[in-house]
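S.K.: This is a predicted model, with the sequence first.
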There are 2 protein chains.
Amino acid sequence: MTTGEAADNRQAWLRTVAADVARLDRSSSAERAADILRRSITEGALPPGAQLSEVELTEVLEVSRNTLREAFRLLTHEGLLIYKLHRGVFVPELDEADVVDLYRLRRVLEVDVVRGLADREPELPAARLEPLQDDVEAAEAAALADRWPAVGTANMRFHQHLIGLADSARMDAMTGRLLAELRLLFHVIAAPRELHEPYIARNRALFELLEARRYDEAAANLNQYLLESEVAILAAFRAR
Amino acid sequence: MTTGEAADNRQAWLRTVAADVARLDRSSSAERAADILRRSITEGALPPGAQLSEVELTEVLEVSRNTLREAFRLLTHEGLLIYKLHRGVFVPELDEADVVDLYRLRRVLEVDVVRGLADREPELPAARLEPLQDDVEAAEAAALADRWPAVGTANMRFHQHLIGLADSARMDAMTGRLLAELRLLFHVIAAPRELHEPYIARNRALFELLEARRYDEAAANLNQYLLESEVAILAAFRAR
DNA sequence: CTTGCAGGATTGTTGAACAATTCCTAGAAT
DNA sequence: ATTCTAGGAATTGTTCAACAATCCTGCAAG
């Protein structure tokens, strides 16, 4: 291991520790309430268009209205809820234009990250790819077990980890929001298997290109991947 | 005017009306308080590192603590404040890594928007460039009057309008946050003239390339522009 | 079919209260 | 002189109850 890799590993470790500390610190009631709501939304329990009543949720979540409203704000920022003044909060209903918008941003960010790896100084340590490998294998395992929602989750994590290679806190945050919104879309699509299955091999191919440090090929591959994925989602969306 | 342009103009008009409606609707106290605080921060009245006391601001802004905290949340989401649990809200102190991060994202987004104009279908109507022209001229006028903060504001608006050409609500929102954070940086730099003066001619040159529909040249120009700007800011930052 | 108008429900905002945590300071121990 | 500790002051986190402002519903009138 070169000294450059050692320094890079150390930096990666510092990032994970900081994330853990932040997670422990946030015993805030608002964030806990937001966690529960986030799960309900991304898992589809609260379908797009649903309104979230304040009085109802204060009883279920056992927090005050003020705290609940703070949780609403958090999720609004993530794109998982929208506020309508004097009317309440709703789960957003995304349309085809949103699909196009989300995929445009995904392409811009993810392709740039991969392309940027070529010029990276020092070179990306091999250990940084481990989370991606884990995600690829998790998706493959879940597919064998017919657990398609888990395949979707692993796919999301793969792309989040991919962006993480750029060491950009702001890109990480943006990607988190983008992927959360994408999950909103997935729930209006009927066939989870047809939707998620193609990603498995795609992600492995991309991972192997990254492992071989063929970054330009990987970027081109990823761009095509995302273009085709967008078309597939749009088609499934129209056929709903 | 082709029918394509007419449809495009109509869409642009719908967007401005929607923006006006949204602006009128937001009579919410929290957002008004956030507006005032936002100005104070971006104009430098509240320097990086400053703590915002709740009791103090409830008296000044004449809102309740709960409403003030909602305003804090709004600004936190824009990157203009950071929350430290049980310690309060502070104006962030950005460092050199943040400069690099912010400029990387600016380059990715802005260059992609300009490059994307080449493939746009239908072609960009000339009227869409008018806001950019206004910003260029506003910057030139402010420079003649020695009003350098106004030059900086016009420059910000130029880049926001540039991103607006992509018709992507999410890019608009991201850019808003990025530029707000950038303003945070400008206030720790001593010389406003040396900082903002180079942008004036740069923006005009870029605008004219766009007007001539030489999008690839414009994209290359913009990329170089942002790279040099980053270097300049980093230098000024180290010399503070 | 549209328009106008109650009144009932929901959200927006406030102020006070208490709990939890951090900050500050004075004094004790070394 | 420095470090450590205890405890009180100050600040933030959260709840609650109340009221104001706004929106939605249904119905009556044109």
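M.R.: Alright, I've got the coordinates.
S.K.: Quick one: residues contacting A:T175.
M.R.: Contacts for A:T175 (C-beta atoms under 8 Å, 6 or more residues apart in numbering or on different chains) come out as A:L109, A:H159, A:Q160, A:I163. In short, each C-beta sits where N, CA and C put it, glycine included.
S.K.: for A:Y199, same thing?
M.R.: With C-beta under 8 Å, 6+ apart, A:Y199 has these contacts: A:A139, A:V151, A:N155, A:S229.
S.K.: and those residues, which of them are in helices?
M.R.: Members of those lying in helices (criterion: DSSP state H): A:A139, A:V151, A:N155, A:S229.
S.K.: Most neighbours among the residues you listed, please name it.
M.R.: Greatest neighbour count in these, by other C-beta atoms under 10 Å in any protein chain shown, goes to A:A139: 27 neighbours.
S.K.: What confidence value was assigned to that one?
M.R.: A:A139 carries a pLDDT score of 96 in this model.
S.K.: same deal with the one 4 residues further on?
M.R.: Among the per-residue scores, A:A143 holds a pLDDT of 95.
S.K.: With A:V188 instead?
M.R.: pLDDT, A:V188: 79.
S.K.: now swap in A:D20 and tell me
M.R.: In this model, A:D20 is scored at 48, pLDDT.
S.K.: got it, and the one 10 residues further on?
M.R.: With respect to pLDDT, A:A30 has a value of 83.
S.K.: can you pull the alpha-carbon coordinates of the strand or helix carrying it into CSV?
M.R.: Per DSSP states H and E, A:A30 falls inside helix A:29-42. Extracted in CSV, the C-alpha atoms of helix A:29-42 (Å, rounded to 0.1, in the frame of the first residue of the first chain):
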residue,chain,number,x,y,z
SER,A,29,-37.5,13.7,18.0
ALA,A,30,-38.1,15.5,14.7
GLU,A,31,-35.5,13.4,12.9
ARG,A,32,-36.8,10.2,14.4
ALA,A,33,-40.3,11.0,13.2
ALA,A,34,-38.8,11.9,9.8
ASP,A,35,-37.1,8.5,9.7
ILE,A,36,-40.4,6.7,10.2
LEU,A,37,-42.2,8.7,7.6
ARG,A,38,-39.3,8.4,5.2
ARG,A,39,-39.6,4.6,5.4
SER,A,40,-43.3,4.7,4.9
ILE,A,41,-43.0,6.8,1.8
THR,A,42,-40.1,5.1,0.2
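S.K.: strand partners of the helix or strand just after that helix, parallel vs antiparallel please.
M.R.: Next in sequence after helix A:29-42, counting helices and strands by DSSP H and E, comes strand A:51-52. Paired with strand A:51-52 in the same sheet, following DSSP bridges, are strand A:88-90 (antiparallel).
S.K.: My understanding was that A:E96 contacts A:F237; is that so?
M.R.: Yes: using C-beta atoms under 8 Å as the test, A:E96 is close enough to A:F237 to be in contact (6.1 Å).
S.K.: Which residue of those two possesses the greater neighbour count?
M.R.: The residue with more neighbours, out of A:E96 and A:F237, is A:F237; 16 against 12, by other C-beta under 10 Å.
S.K.: what about the more buried one, which SS state?
M.R.: Classification of A:F237 by DSSP: H, G, I helix; E, B strand; the rest coil places it in helix.
S.K.: May I have the residues that are in contact with it?
M.R.: Shown in contact with A:F237 (C-beta under 8 Å, 6+ apart): A:E96, A:V99, A:L185, A:V188, A:I189.
S.K.: for the helix holding A:A30, which positions count as buried?
M.R.: A:S29, A:A30, A:E31, A:A33, A:A34, A:L37, A:R38, A:I41, A:T42 (16 or more other C-beta atoms under 10 Å in any protein chain shown).
S.K.: In this structure the last one contacts A:R183, no?
M.R.: Going back to what we said before, that points to A:T42. Yes: proximity of A:T42 to A:R183 meets the contact threshold set by C-beta under 8 Å, at 4.6 Å.
S.K.: Out of the buried residues of helix A:29-42, flag the one nearest to DNA strand D.
M.R.: Nearest to DNA strand D among the buried residues of helix A:29-42, counting by C-beta to the nearest atom of the strand, is A:S29 at 3.5 Å.
S.K.: From A:D35, how far out is that closest one?
M.R.: 11 Å (C-beta to C-beta, to the nearest Å).
S.K.: again, but for A:P192
M.R.: 24 Å.
S.K.: Can you tell me the element the residue nearest the centre of chain A falls in?
M.R.: Geometric centre of chain A, nearest residue: A:L179, 3.4 Å, by C-alpha atoms, centre = their mean. Assigned by DSSP H and E, A:L179 belongs to helix A:169-186.
S.K.: Buried ones in that helix, by neighbour count?
M.R.: Buried, per 16+ other C-beta under 10 Å, within helix A:169-186: A:170-175, A:177-186.
S.K.: Now find how far off-centre it is within its chain.
M.R.: 5 Å (C-alpha atoms, centre = their mean, to the nearest Å).
S.K.: what does chain A have sitting close to chain B?
M.R.: By C-beta under 8 Å from any C-beta of the partner chain, the residues of chain A that approach chain B are A:25-26, A:28, A:66, A:69-70, A:73-74, A:77, A:85, A:101-102, A:104-105, A:108-109, A:112, A:166, A:168-171, A:174, A:178.
S.K.: What is the neighbour count of whichever residue of chain A sits closest to DNA strand D?
M.R.: Residue of chain A nearest DNA strand D, by C-beta to the nearest atom of the strand: A:T67 (3.0 Å). Other residues within reach of A:T67, judged by other C-beta under 10 Å, total 20.
S.K.: Work out for me the element it sits within.
M.R.: Going by DSSP H and E, A:T67 is in helix A:65-77.
S.K.: and the helix or strand just after that helix with DNA strand C, contact?
M.R.: Toward the C-terminus, helix A:65-77 is succeeded by strand A:82-84 as the next helix or strand (DSSP H and E). Yes: using C-beta under 7 Å from any atom of the strand, strand A:82-84 comes into contact with DNA strand C via A:Y83.
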